[in-house]
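> pasting the sequence and the predicted model now:
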Amino acid sequence: QLQLVESGGGLVQPGGSLRLSCAASGFPFDNYHIAWFRQAPGKEREGVSYISNSGGFTSYARSVKGRFTISRDNAKNTVYLQMNSLKPEDTAIYYCAATPTTNWGNSFSPGLYDYWGQGTQVTVSS
């Protein structure tokens, strides 16, 4: 059974850091591109960061570029999102999502992704 499980969320003060993990199982992980999305209350789900199946290509939303770093360890079937210099506007539920390499489209379009995790809450507040 295909599964994506996020972890690492929590409450952090502005300027702090968190590292999110997305553990995958039940599918050939290295044949899938992975993205992180987030959704704040009352707002649409937005793409945050993307990493190709090999890890050779990454991209970031303008709002997080320079503060967030995405990486993956295919031997551990896990993708990470290191989040530094966190701001209150980063508060949201963060989801990881997987799409096979055979899918093409906007890497930050939720419709591109076939599989989603349940999400992990990130709250940035003093």
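On my side now, so go ahead. Numbering: from 1, shown residues only.
> going forward, measure contacts between C-alpha atoms and count neighbours the same way
Will do.
> can you pull out the strands in this structure?
All strands of the chain, identified by DSSP state E, fall at 3-7, 10-12, 18-25, 32-39, 46-51, 58-60, 68-73, 78-83, 92-100, 115-116, 120-124.
> got a markdown table for those strands, with distance to residue 109 and mean neighbour count too?
As requested, the strands of the chain are arranged in a markdown table below (distance: least, CA to CA, whole Å; neighbours: other CA atoms under 10 Å):
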| stretch | distance to residue 109 | mean neighbour count |
| --- | --- | --- |
| strand 3-7 | 18 | 19 |
| strand 10-12 | 26 | 16 |
| strand 18-25 | 19 | 20 |
| strand 32-39 | 9 | 24 |
| strand 46-51 | 7 | 23 |
| strand 58-60 | 13 | 18 |
| strand 68-73 | 17 | 20 |
| strand 78-83 | 18 | 20 |
| strand 92-100 | 11 | 24 |
| strand 115-116 | 13 | 18 |
| strand 120-124 | 20 | 20 |
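> of all these, which one is nearest residue 108?
Nearest to residue 108 among those is strand 46-51; the distance by CA to CA comes to 4.7 Å.
> residues contacting the closest one, please?
For strand 46-51, contacts defined as CA atoms under 8 Å, 6 or more residues apart in numbering pick out 33-39, 57-61, 64, 70-72, 107-110.
> could the strands of the chain go into a markdown table alongside mean pLDDT?
Formatted as a markdown table, these follow (pLDDT from 0 to 100):
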| stretch | mean pLDDT |
| --- | --- |
| strand 3-7 | 97 |
| strand 10-12 | 98 |
| strand 18-25 | 98 |
| strand 32-39 | 98 |
| strand 46-51 | 98 |
| strand 58-60 | 98 |
| strand 68-73 | 98 |
| strand 78-83 | 98 |
| strand 92-100 | 97 |
| strand 115-116 | 96 |
| strand 120-124 | 98 |
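> so how far is residue 126 from the residue nearest to the spatial centre of the chain?
Closest residue to the average C-alpha location of the chain: residue 36 at 2.0 Å, with CA atoms, centre = their mean. With distances taken as CA to CA, to the nearest Å, residue 36 is found 25 Å from residue 126.
> follow-up on the earlier one: quick check, the residue nearest to the centre of the chain in contact with residue 92.
No: counting by CA atoms under 8 Å, residue 36 does not reach residue 92; the two are 11.8 Å apart.
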